[in-house]
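In: here's a sequence, model it:
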Amino acid sequence: MPLLKNAVISRLQKDILQWEGYRPPEAGKHTPMGLGVIEQSFPNNIFPTGTVHEVLCANTEQATAGSAFISALLAKLMQQGGVCLWIGLSGNINPSALKAFGVDADRIIFINVLNDQDVLWATEEALKCPGLVMTIAEVRDLNFKQSRRLQLAVEQSRVTGFILRNQAEKLTPTACAARWQISPLPSTPEDGLPGLGFPRWRVELLKVRNGQPGCWEMEWANGKFNVVEQTRVEQKPAEYRQLMAG
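Out: Predicted coordinates:
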């Protein structure tokens, strides 16, 4: 009986994950994202693709850091080919700079529109297209209903979506599988070399369904992520816990 009970519980856990947008990758199609210990924070220790992620950007510096972090993830997903749509209001992305993170700009279609509603419409339509590897959207505000529409769009296409919440006026709950915040950190110069060191970020996984939030200091060097330091969630200040609850 205990074995049967454990099997039933295990099956229910897998069903709940799929109902919430997490599907195990098909055999031979799992792409490790190179995030090391961060991937252990997700269900089944697998970075969730084919779902929607939310990245909070309180200022220009965080928006830049978030775009760089996403670009490095995009390079991993595009290793076997494919195209990405980048939809936004600002048009501030420098395509040639993406090469530093292993992304060829000619494989990204950049779309600039006039307002949040146009961004959300274009994003939903893009997320329905299985021919895309990833859709990245820059938008100020996103409510639960809008985010739910985006999540429903990817459940058939299995496209991975990233929503950059640039200077959001109000933080509201969403249906996104994970909520991130990426902040720039001072680089550390290499011994004996002049100038700046490799890019560094504070990577905060604020919320993740059925996973474990956390905070890490990461460096992008030689085409891969390196975790420099990990911070326990309990050590974070009250405003961090408030972001987790939103």
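In: spatially central residue in this protein, please.
Out: In the chain, the C-alpha closest to the average C-alpha coordinate belongs to H53, at a distance of 4.6 Å (C-alpha atoms, centre = their mean).
In: name the residues that touch the host helix or strand of it?
Out: For H53, the host element (DSSP states H and E) is strand 52-57. Under the contact criterion C-beta atoms under 8 Å, 6 or more residues apart in numbering, strand 52-57 has outside partners 21, 62-63, 66, 69-70, 127, 142, 147, 150-151, 154, 160-168, 171, 174-182, 206, 243. Glycine gets a C-beta too; all of them are placed from N, C-alpha and C.
In: now with 7 Å, please.
Out: 63, 66, 70, 147, 150-151, 154, 161-168, 174, 176-182, 243 (C-beta atoms under 7 Å, 6 or more residues apart in numbering).
In: all helices of the protein, in order?
Out: 2-19, 60-77, 116-127, 144-157, 238-245 (DSSP state H).
In: what is the rounded mean pLDDT of the second one?
Out: Per-residue pLDDT over helix 60-77 has a mean of 92.
In: hmm, who's touching it?
Out: Contacts for helix 60-77 (C-beta under 7 Å, 6+ apart): 31, 33-34, 49, 55, 57, 84, 93, 98, 101-103, 133-134, 136, 160, 162, 164, 166, 181-184, 199, 201, 203, 220, 225.
In: OK, contacts around the closest residue in space to R107 that isn't next to it in sequence?
Out: In this structure, R107 finds its nearest non-sequential neighbour in V83, 5.6 Å apart by C-beta to C-beta, 6 or more residues apart in numbering. For V83, the contacting residues are 107, 109, 131-133, by C-beta under 7 Å, 6+ apart.
In: top of those residues by neighbour count?
Out: V133 (22 neighbours; other C-beta atoms under 10 Å).
In: so it versus C176, what's the distance?
Out: V133 sits 18 Å away from C176, going by C-beta to C-beta, to the nearest Å.
In: okay, the closest residue to N59 other than its chain neighbours and R140: tell me how far apart.
Out: Among residues not flanking N59 along the chain, Q167 sits closest, at 7.0 Å (C-beta to C-beta, 6+ apart). The spacing between Q167 and R140, counted by C-beta to C-beta, is 6 Å.
In: the two: who's more crowded?
Out: Set Q167 next to R140 and count neighbours by other C-beta under 10 Å: R140 wins out with 16 against 13.
In: pretty sure that one sits against D116.
Out: Yes. If you go by C-beta atoms under 7 Å, R140 and D116 touch, sitting 5.6 Å apart.
In: ok, F144 - contacts?
Out: 172-175.
In: measure it to L171 for me?
Out: 12 Å.
In: and Q212, by the same measure?
Out: 21 Å.
In: among these two, which residue is more densely surrounded?
Out: L171 (16 against 11).
In: dihedrals phi and psi, that one?
Out: Main-chain dihedrals, L171, degrees, to the nearest 10: phi -90, psi 120.
In: for R200, list each beta-bridge partner.
Out: For R200, the beta-bridge partners are L185, E219 (DSSP bridges).
In: swap in L85?
Out: In beta-bridge terms (that is, DSSP bridges), L85 pairs with I109, T135.
In: leaving out the residues flanking it, which one is nearest to D116?
Out: D116's closest residue in space is V139 (C-beta to C-beta, 6+ apart), at 5.0 Å.
In: picking up where we left off before, of the contacts of strand 52-57, select the buried ones using a PyMOL command.
Out: Selection of buried members from those for PyMOL, criterion 16 or more other C-beta atoms under 10 Å:
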select buried, resi 63+66+70+147+150+151+154+161+162+163+164+165+166+168+174+176+177+178+179+180+181+182+243
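In: and V103, how far is that from R179?
Out: Following C-beta to C-beta, the distance that separates V103 from R179 is 23 Å.
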